[in-house]
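Undergrad: Test case, fold it:
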Amino acid sequence: MEPRDELLWQIAKKRASFKKHLTSYVIVNVFLWAVWFLSKRGNFYEDRFPWPIWVTVFWGIGLAFNYADAYLYNAKDMVEREYEKLKRDGK
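TA: Below you'll find the predicted structure:
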């Protein structure tokens, strides 16, 4: 068995964590929206505000940051690019 690359291992952990987070988000939000939808049916309060929107939006913002951390930003790559830029500019 070959030794694992620590950087790749950290990236893999972040991506696996994001996928678990996404699964939880979808399951909980489907449940909350179903509760809201079913509780408004047959009720005389037909124009009630959809309260699950707060969970969906704010948890979604957190999920977006989690996605960015797992897939878009790699700290090592960012440091290397900045280093190369400084070397190229002579500063």
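Undergrad: for whichever strand or helix holds residue 88, packing partners?
TA: Using DSSP states H and E, residue 88 sits in helix 75-89. Using 3 or more Cβ pairs under 8 Å, 6 or more residues apart in numbering; DSSP states H and E as the contact test, no helix or strand touches helix 75-89. For the C-beta atoms, the positions are set from N, CA and C on the backbone; glycine is no exception.
Undergrad: Give me the contact list for that helix.
TA: For helix 75-89, the external contacting residues (Cβ atoms under 8 Å, 6 or more residues apart in numbering) are residue 7.
Undergrad: quick one: it to chain centroid distance?
TA: Its chain's C-alpha centre and that of helix 75-89 lie 26 Å apart, by Cα atoms, centre = their mean, to the nearest Å.
Undergrad: CA atoms only: put it into PDB for me.
TA: Output of helix 75-89 as PDB, limited to C-alpha atoms (Å, rounded to 0.1, in the frame of the first residue of the first chain):
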ATOM      1  CA  ALA A  75      -5.000  27.100  -0.100                       C
ATOM      2  CA  LYS A  76      -1.800  25.500  -1.400                       C
ATOM      3  CA  ASP A  77      -2.600  26.400  -5.000                       C
ATOM      4  CA  MET A  78      -3.500  29.900  -4.000                       C
ATOM      5  CA  VAL A  79      -0.100  30.300  -2.200                       C
ATOM      6  CA  GLU A  80       1.800  28.900  -5.100                       C
ATOM      7  CA  ARG A  81       0.100  31.200  -7.600                       C
ATOM      8  CA  GLU A  82       0.800  34.200  -5.400                       C
ATOM      9  CA  TYR A  83       4.400  33.200  -5.100                       C
ATOM     10  CA  GLU A  84       4.800  32.800  -8.800                       C
ATOM     11  CA  LYS A  85       3.100  36.100  -9.400                       C
ATOM     12  CA  LEU A  86       5.500  37.800  -6.900                       C
ATOM     13  CA  LYS A  87       8.500  36.100  -8.600                       C
ATOM     14  CA  ARG A  88       7.400  37.100 -12.000                       C
ATOM     15  CA  ASP A  89       6.800  40.700 -10.900                       C
END
